[in-house]
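Participant: Just the structure for this:
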Amino acid sequence: MEDTPTNALAVALFSEILTNDQLIRNQLSRVLPKGMEVSHFSVLNHLARAGVERSPAELAKNFHVTRGAMTNTLHKLEWAGYVHIRPDWDDARRKLVSISPVGRTARDAAVASITPLISEVVTELGEAPVRAALPVLRSLRARLEPE
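Facilitator: Below is the predicted model:
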């Protein structure tokens with residue numbers, strides 16, 4: 001592949017995104033409540049915002065992870081009492097996951113612990129540049145998401 005300005009721009013963009021992802025995960029891991037991983041928070045936050053039960057397969061698809069990885073995360077969340085996993089009464093082959101009251105409390109504590117960090121970042125960068133970056137990031141996500 002030839003080294004063009006467009007290729008160099010693409011490499012720079014993806015390098016920045018990957019580095020930012022790692023830095024964000026490290027920062028969040030430091031401030032999340034003890035024992036909570038970023039993946040745990042992400043699932044709890046999704047379930048809290050959705051307000052409905054989801055199957056493990058739906059969650060795996062939403063988070064772009066394998067079913068095995070999602071099952072592992074859900075087992076940890078269930079062990080902590082953060083989610084309820086029950087059989088689907090209409091299809092015994094499936095299970096449904098919902099956030100528990102304890103999980104909602106843990107999610108709220110996690111939001112409270114990360115909000116100062118993420119708000120500080122937005123304040124330092126400035127609201128206008130952050131708002132300007134969001135459409136580009138959303139378009140990139142839409143382009144990369146599988147059909």
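Participant: longest strand anywhere in this structure?
Facilitator: strand 91-99 (DSSP state E).
Participant: Now that strand: buried residues?
Facilitator: 95-97, 99 (16 or more other C-beta atoms under 10 Å). C-betas here are computed from N, CA, C, even on glycine.
Participant: could you point out which element follows that strand?
Facilitator: With elements assigned by DSSP states H and E, the helix or strand that comes after strand 91-99 is helix 101-125.
Participant: Taking helix 101-125 as reference, get the angle to the helix or strand just after that following helix.
Facilitator: Sequence order places helix 127-144 as the next helix or strand after helix 101-125, per DSSP H and E. Put simply, helix 127-144 runs at 120 degrees to helix 101-125, going by axes from the mean of the first three to the mean of the last three C-alpha atoms, to 10 degrees.
Participant: mind exporting helix 127-144 as PDB, just the C-alpha atoms?
Facilitator: C-alpha atoms of helix 127-144 as PDB (Å, rounded to 0.1, in the frame of the first residue of the first chain):
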ATOM      1  CA  GLU A 127     -17.300  22.000  25.300                       C
ATOM      2  CA  ALA A 128     -17.200  23.300  21.700                       C
ATOM      3  CA  PRO A 129     -14.300  21.000  20.600                       C
ATOM      4  CA  VAL A 130     -15.900  18.000  22.300                       C
ATOM      5  CA  ARG A 131     -19.300  18.700  20.600                       C
ATOM      6  CA  ALA A 132     -17.400  19.100  17.300                       C
ATOM      7  CA  ALA A 133     -15.700  15.700  17.800                       C
ATOM      8  CA  LEU A 134     -18.800  13.800  18.600                       C
ATOM      9  CA  PRO A 135     -20.300  13.600  15.000                       C
ATOM     10  CA  VAL A 136     -17.000  12.400  13.600                       C
ATOM     11  CA  LEU A 137     -16.700   9.700  16.300                       C
ATOM     12  CA  ARG A 138     -20.300   8.600  15.800                       C
ATOM     13  CA  SER A 139     -19.800   8.400  12.000                       C
ATOM     14  CA  LEU A 140     -16.700   6.400  12.600                       C
ATOM     15  CA  ARG A 141     -18.500   4.000  14.900                       C
ATOM     16  CA  ALA A 142     -21.400   3.700  12.400                       C
ATOM     17  CA  ARG A 143     -18.900   2.900   9.600                       C
ATOM     18  CA  LEU A 144     -17.100   0.200  11.600                       C
END
